[in-house]
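Chemist: Could you work out the structure for the sequence below:
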Amino acid sequence: MATQTLALAAQFLKRWFSEDRSLEKAASELQAWMRKVEQRGIPHFGETGTRLQPFRAMLVEHFDDEDKMLDELAKNYSKDSPEIAAMRRQSTRDHNCLLADLDDYCRRLNQLEPPFQSWQAAMEEFDLLICRLELHEDQESESLQAMMPGE
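Modeler: Next up is the predicted model:
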């Protein structure tokens, strides 16, 4: 049974890293597109909000998968494991904040008069959001790897 649990954990980690790379690629493509828009000199606030929707859907799916991994990982720990409980609380809090901030950003992008001082300010805000996402993913990766059975 332990071998099956280890194989399942390894499979989840592999998928998690693959999704993480997909998220990074999607974010990079969005950032590159925003830089091209900047070079043309005409902001595309509403279009950016629309382009962010598939990225948001990727995030939701990724976060759901992370929750499933935590559920699998929890099976290898005692029912009242403080490590798993703390990781779950932090993960849930981070996921909710990141999605809420992305939703707010998209809502403002889609306003008739977007409240950004400039296109560059909108780009910087997206870059900061991506930095927060990367930090979250790095921290979660370290925690997951440290808690994997056999590690």
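
Chemist: sec struct for Q117, please.
Modeler: Following DSSP: H, G, I helix; E, B strand; the rest coil, the label given to Q117 is coil.

Chemist: Can you give me the buried ones in the one helix or strand L99 maps to?
Modeler: Using DSSP states H and E, L99 sits within helix 82-109. By neighbour count on 16 or more other C-beta atoms under 10 Å, the buried set for helix 82-109 is I84, M87, R88, S91, D94, H95, L98, L102, Y105, C106, R108, L109. Bear in mind the C-beta positions are built from the backbone N, C-alpha and C, glycine included.

Chemist: from the chain's centre, how far out does the very next helix or strand once past it sit?
Modeler: Counting by DSSP H and E, the element after helix 82-109 in chain order, helix or strand, is helix 119-147. Offset of helix 119-147 from its chain centre (C-alpha atoms, centre = their mean, to the nearest Å): 7 Å.

Chemist: what do you get for stretch 73-84?
Modeler: 24 Å.

Chemist: Surely W119 is in contact with P43?
Modeler: Yes - counting by C-beta atoms under 8 Å, W119 does reach P43; the two are 4.0 Å apart.

Chemist: okay, and the common contacts of the two?
Modeler: Shared contacts of W119 and P43, defined by C-beta atoms under 8 Å, 6 or more residues apart in numbering, are found at V37.

Chemist: so what does the helix holding L99 touch, helix or strand wise?
Modeler: Here helix 82-109 touches helix 45-74, helix 119-147, going by 3 or more C-beta pairs under 8 Å, 6 or more residues apart in numbering; DSSP states H and E.

Chemist: As a markdown table, these with distance to S18, mean neighbour count and mean pLDDT would be great.
Modeler: Formatted as a markdown table, these follow (distance: least, C-beta to C-beta, whole Å; neighbours: other C-beta atoms under 10 Å; pLDDT from 0 to 100):
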| stretch | distance to S18 | mean neighbour count | mean pLDDT |
| --- | --- | --- | --- |
| helix 45-74 | 10 | 16 | 91 |
| helix 119-147 | 13 | 16 | 92 |
